[in-house]
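# Requesting a structural model of the entry that follows:
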Amino acid sequence: LGEYKVKHYTAVIVGFSAAYLMKMALALPGSPLFNLLGGALFGVHVGFPLCLACISVGTALCYLVFNTIGGPFVRRLFVEQLARLDEGVRHHRRRLFYYRAT
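Okay, here's the model as predicted:
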């Protein structure tokens, strides 16, 4: 892997970033593993900013994916539960923090 990385540095960075972004966008577990792999492959000076950028962009992608696709699916699947939750939020609007904390 080390020899391949030296010969195809850009391809390895793009592949690593694509895999990390896909993992983050689909909310799959394994961030510590990717962080360690990024540090081992690229060192601290490249691996840390790369992992940080992938986490930031991947989180935004996760929000977009689940807001676009997951939101309507969840609303259709859990109609009664969401109606009860909405009613509770409306009823406890003044002290919403304490309502959600309990």
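# In the biggest helix by length in the chain, which residues are buried?
If you go by DSSP state H, the chain has its longest helix at helix 31-65. For helix 31-65, the neighbour count (16 or more other Cβ atoms under 10 Å) marks 34-35, 37-39, 41-42, 47, 50-51, 54-55, 58, 61-62 as buried. C-beta here means a position set from N, CA and C on the backbone, and glycine is covered the same way.
# If you rank every helix and strand of this protein by mean pLDDT, what lands last?
helix 96-101 (a mean of 72; mean pLDDT, DSSP states H and E).
# how close does the residue of the chain positioned farthest from its centre get to Phe97?
Most distant from the centre of the chain: His91, at 31.9 Å, with distances by Cα atoms, centre = their mean. From His91 across to Phe97, the span is 14 Å (Cβ to Cβ, to the nearest Å).
# cool, Cys54 as well?
32 Å.
# swap in Tyr63?
22 Å.
# who's in contact with the closest residue to Asn35 other than its chain neighbours?
Of all residues not flanking Asn35 in the chain, Cys51 sits nearest, at 5.0 Å (Cβ to Cβ, 6 or more residues apart in numbering). Contact partners of Cys51, counting by Cβ atoms under 8 Å, 6 or more residues apart in numbering, are Tyr20, Phe34, Asn35, Gly38, Gly39.
# Look up phi and psi at Gly30.
phi 130, psi 10 (degrees, to the nearest 10).
# Apart from its neighbours in sequence, what residue is nearest it?
Lys23 (5.9 Å).
# tilt between the host helix or strand of the one you found and helix 31-65?
Counting by DSSP states H and E, the element that carries Lys23 is helix 9-25. Helix 9-25 runs at 70 degrees relative to helix 31-65, counting by axes from the mean of the first three to the mean of the last three Cα atoms, to 10 degrees.
# Render the CA-only coordinates of helix 9-25 in CSV, please.
The C-alpha trace of helix 9-25 is given here as CSV (Å, rounded to 0.1, in the frame of the first residue of the first chain):
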residue,chain,number,x,y,z
TYR,A,9,-0.8,9.8,-4.3
THR,A,10,-3.7,11.8,-5.8
ALA,A,11,-5.7,8.7,-6.5
VAL,A,12,-5.2,7.4,-3.0
ILE,A,13,-6.3,10.8,-1.5
VAL,A,14,-9.4,10.9,-3.8
GLY,A,15,-10.3,7.3,-3.0
PHE,A,16,-9.9,7.8,0.7
SER,A,17,-11.9,11.0,0.6
ALA,A,18,-14.7,9.4,-1.5
ALA,A,19,-14.9,6.4,0.9
TYR,A,20,-14.9,8.7,4.0
LEU,A,21,-17.6,10.9,2.4
MET,A,22,-19.7,7.9,1.5
LYS,A,23,-19.4,6.6,5.0
MET,A,24,-20.4,9.9,6.5
ALA,A,25,-23.2,10.6,4.1
